[in-house]
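Novice: curious how this folds, go ahead:
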Amino acid sequence: MGLKSQVLLPQYPIREKCKELILTEEQLRQLMKTFNHEILLGLGKKTHDNATVKCFVTYVQDLPTGRETGKYLALDLGGTNFRVLLIELSENHFEMKSKIFAIPQHIMLGSGEQLFDHIADCLAKFMKEENIMKEKLALGFTFSFPLKQLGLTKGILKTWTKGFNCSGVVGNDVVQLLRDAIKRRGDIDIQIFAILNDTTGTLMSCAWKNHGCKIGLIIGTGSNACYVEKQKNAEMFNEPDGGSGNVLINTEWGAFGDNGTLDFLRTQYDKDIDQNSINAGQQLFEKMISGMYMGELVRLALVRFTKEGLLFGGKGSDLLFARGRFYTKYVSEIESDYSGVYTNCREILEELGLKHASEQDCVNVRFVCECVSRRAAHLVSAALVTLLNKMDQPHVTVGIDGSVYRFHPHFHSLMMEKISQLINPHLKFDLMLSEDGSGRGAALVAACASAKTR
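Specialist: Next comes the predicted model:
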């Protein structure tokens, strides 16, 4: 009789050392309590200025009805690429044309004027290609960086994130900077009707399809959420009620923990990532979750275990030891292998110069990936449940966008399971993947705003 092939488990020392990445329900409930307190500080007039979770007012009071019509432009800037979109809305139907443009590294780290000239240039190219240079169009601008809004078309950049560091933008109104760049060109006629971030765009886009959608969530390069709040709770909101009694709040939850409130959960890997980032001490919650850092969290753990002789026979490689070289997409690919199969894992390890990896190494690497991605899903879920419990509405749909949620094979199911465990028992929820979220959302905000001025 042949021996039964044994399913390998992660080695005991690695399981033990990864325990700090596995969060207990008690820890998550502590996080929820802390996060709820931070939200109240952000919403309060007296406490807002010193709050870590800013809960910025977006000035969006109305969700789409599905009856919006017309032709709109949208700009979507939130990472190393940005999109220009032309969206035509008719009742319950929309058509979209879009083009992606890259933002070169030298512009990401150059001057603000350079950045906005580049955006205006790409906008003009797109309008030329679509033959709409002569049309006067309303534009919605999705700008996915921490923004203090002073109105629907006035937003002050608080700080750059996601690898950007353009001079002369922080503390200034980004709508005005875009208007100035368009004016410098003189060949396009565009009226900017709204500035919003990608979470607001995602919420608007999903609410157009599903009227129960009241939360927008991004888990991609960065992470953030916005939700529908009662105007009476949003003490920083200072405009007349348009009738809904509500206003969307952009939580900017990526900064949760910047004041030390998450130190009870942060590991040596989180601290290492933060110390070596361009915005040390900022966006600490985001750094535990988002696609910009997930691969690096895994790499740091793998490097530690290799140096301790627990992985790859203690023999690493130049690429494994190179910062940023273990991409977040590797985490998704490794976890996409069927249980007991390590095709993707082997391919990735070979790519990293680790041809000598054993099957046990593959088991261990996959386990580390699972610990990091599961922790991210649980952290997001706990923060999301805090919002759902606070809103206390019988049934809320959460519109979600971002590469981590979209491409990680288990993120959705990990979230469904954890939210169900943590949510108040009388509340129901759905998670909805956004399609073309922030682009279509920007056009919808522009549509709602321009309709009011007609």
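Novice: quick one: the helices in the stretch 1-150 of the chain, in order.
Specialist: 12-17, 25-43, 105-108, 112-129 (DSSP state H, counting those that start in this stretch).
Novice: need the contact partners of the last one.
Specialist: Counting by C-beta atoms under 8 Å, 6 or more residues apart in numbering, the neighbours of helix 112-129 from elsewhere in the structure are 73, 75, 77, 82, 84, 86, 99, 101, 103, 107-108, 133, 166-169, 172, 177-178, 180-182, 184-185, 187-188, 190. (Each C-beta comes from the backbone N, C-alpha and C, glycine too.)
Novice: the third one now?
Specialist: Defining contact as C-beta under 8 Å, 6+ apart, one finds that helix 105-108 is touched by 80, 114-115, 118, 163-166.
Novice: give the buried residues for it.
Specialist: Buried residues in helix 105-108, counting neighbours by 16 or more other C-beta atoms under 10 Å, are found at 107-108.
Novice: chain center to it: distance?
Specialist: 21 Å (C-alpha atoms, centre = their mean, to the nearest Å).
Novice: so for it, mean pLDDT?
Specialist: Mean pLDDT, computed over helix 105-108, is 92.
Novice: and if you look at the first one?
Specialist: For helix 12-17, mean pLDDT rounds to 95.
Novice: do the last one as well
Specialist: Model confidence over helix 112-129 averages 94 on the pLDDT scale.
Novice: any buried residues in it, and which?
Specialist: Applying 16+ other C-beta under 10 Å to helix 112-129 flags 112-120, 122-124, 126-127 as buried.
Novice: related to what we said a few turns ago, show the buried residues in the contacts of helix 112-129.
Specialist: Counted by 16+ other C-beta under 10 Å, the contacts of helix 112-129 give 73, 75, 77, 82, 84, 86, 101, 103, 107-108, 166, 169, 177-178, 181-182, 188, 190 as buried.
Novice: returning to that earlier point: now render the helices of the stretch 1-150 of the chain as TSV, adding distance to Phe312.
Specialist: As requested, the helices of the stretch 1-150 of the chain are exported to TSV (distance: least, C-beta to C-beta, whole Å):
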stretch	distance to Phe312
helix 12-17	12
helix 25-43	31
helix 105-108	32
helix 112-129	42
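Novice: now the strands for this structure?
Specialist: Secondary structure of the chain (DSSP state E): strands located at 56-57, 70-77, 81-90, 93-102, 137-143, 147-151, 154-157, 190-196, 213-219, 223-230, 246-250, 395-401, 428-433.
Novice: follow-up on the earlier one: among the helices of the stretch 1-150 of the chain, which is nearest Val372?
Specialist: For Val372, the closest of those is helix 12-17, at 12.9 Å, according to C-beta to C-beta.
Novice: rewinding a little: quick one: which of the helices of the stretch 1-150 of the chain is nearest Asn238?
Specialist: helix 25-43 (13.2 Å).
Novice: mind checking how far the closest one is from the chain centre?
Specialist: Centre to centre, stretch against its chain (C-alpha atoms, centre = their mean), the figure for helix 25-43 is 19 Å.
Novice: how close does the closest residue in space to Ser144 that isn't next to it in sequence sit to Gly220?
Specialist: In space, and not counting its chain neighbours, Ser144 is closest to Gly78: 3.1 Å by C-beta to C-beta, 6 or more residues apart in numbering. Per C-beta to C-beta, to the nearest Å, Gly78 is found 8 Å from Gly220.
Novice: now Ile156
Specialist: Distance from Ile156 to Gly220, by C-beta to C-beta: 24 Å.
Novice: compare these two and say which is more crowded by neighbours.
Specialist: For Ile156 versus Gly220, the count of surrounding residues by other C-beta atoms under 10 Å is larger for Gly220: 23 against 18.
Novice: now for that one: which residues touch it?
Specialist: Counted by C-beta under 8 Å, 6+ apart, Gly220 has contacts 79, 290-291, 401-406.
Novice: any chance of those in CSV with pLDDT and distance to Leu379 as columns?
Specialist: Listed next are the contacts of Gly220 as CSV, based on pLDDT from 0 to 100; distance: C-beta to C-beta, whole Å:
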residue, pLDDT, distance to Leu379
Gly79, 79, 21
Ser290, 94, 10
Gly291, 94, 14
Asp401, 93, 18
Gly402, 91, 14
Ser403, 92, 17
Val404, 95, 12
Tyr405, 96, 13
Arg406, 94, 18
